[in-house]
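Trainee: structure for the following, please:
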Amino acid sequence: MKLDNLKRYIDLRDSLVREKTALQERLAQLNAALAQDEASNQTPQSDSAAQGRPQRAVARRGRTPAGGLSLREAVLRATSQRPMTKEEILEAVKALGYKFSTDNPLNSLGVILYGKRPRFKNDHGRFSSSERSANSGGGALPASKAGTAAGGGKKSGARRQLSPEARERIAAAQRARWAKAKSAK
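Mentor: Residues are numbered from 1 along each chain as shown. Predicted coordinates for the structure are as follows:
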C-alpha cells in the first residue's frame, strides 16, 4: 500500500514538473514575442499608455534582459575555475552580465553562498564550487565530506566515530550505573 502511494506521488510530481517546464517555456516565448512587439512599436506614447494602463517592464528583476543566468548559475560559473572571495565573485558575476536589482548585492550573494543547501565550499573566506571540488580529485574534499575534516566541526552533520575501546568503556560505565541503581532499590 505504501509503495503504491509512493509510486503515485512520484508519478504526480514528475507530471507537475513536466507541466511547469512546459509552462515556463511557453511564458518565455510569450515574453519574447511581447518584447519584439514593444520594440517595433516604440512611439512617444504607446497604446497601453494612451489607454491609461501602466506599461510593464520587459526585463525581469535580477536577471539579464534576455532572461539569461540566475544568480546561482552565475556564481557556479564564476567559482568553477578557482576559489574566490565574495568580492571577487561579485565582480565575476557582474562581468557575466548578471544585473542586481538591489543596492547591496553582497547580501544577495551571501544568500547563495551561505544558504540552506549551499553548493559552495568555504575555505577561509574563499568559495569554490562543490562540483569543482568533487571533480578535481586533488586535495579538496567533496562537499559531503567538507565538514568532517580535522577542525571542521559539525558543518555537514556527520558524527565523530568512536573507537571500539571507547565504546566499551562507555558501555561498562553504563552497566555499572545500572547495577548501582538496581542494588539501591
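Trainee: work out for me the element Glu73 sits within.
Mentor: With secondary structure defined by DSSP states H and E, Glu73 is part of helix 71-79.
Trainee: may I have that helix as PDB, with CA atoms only?
Mentor: This file holds the C-alpha atoms of helix 71-79, laid out as PDB (Å, rounded to 0.1, in the frame of the first residue of the first chain):
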ATOM      1  CA  LEU A  71      22.400  34.300  -9.700                       C
ATOM      2  CA  ARG A  72      23.100  30.800  -8.600                       C
ATOM      3  CA  GLU A  73      24.100  29.700 -12.100                       C
ATOM      4  CA  ALA A  74      26.300  32.800 -12.500                       C
ATOM      5  CA  VAL A  75      28.100  32.100  -9.100                       C
ATOM      6  CA  LEU A  76      28.600  28.500 -10.100                       C
ATOM      7  CA  ARG A  77      30.200  29.600 -13.400                       C
ATOM      8  CA  ALA A  78      32.400  32.200 -11.600                       C
ATOM      9  CA  THR A  79      33.700  29.800  -9.000                       C
END
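Trainee: tell me what it is packed against?
Mentor: In this structure, helix 71-79 makes packing contacts with helix 86-95, helix 105-114, strand 126-129, judged by 3 or more C-beta pairs under 8 Å, 6 or more residues apart in numbering; DSSP states H and E. Any C-beta I mention is one placed from the backbone N, CA and C, and that applies to glycine too.
Trainee: which elements pack onto the second one?
Mentor: In this case it means helix 105-114. Using 3+ C-beta pairs under 8 Å, 6+ apart: helix 105-114 touches helix 71-79, helix 86-95, strand 120-123.
Trainee: could you give the angle of the helix holding Glu73 to helix 105-114?
Mentor: Direction vectors for helix 71-79 and helix 105-114, defined by axes from the mean of the first three to the mean of the last three C-alpha atoms, to 10 degrees, enclose an angle of 80 degrees.
Trainee: doesn't Pro118 fall inside a strand?
Mentor: No: under DSSP: H, G, I helix; E, B strand; the rest coil, Pro118 sits outside any strand and is assigned coil.
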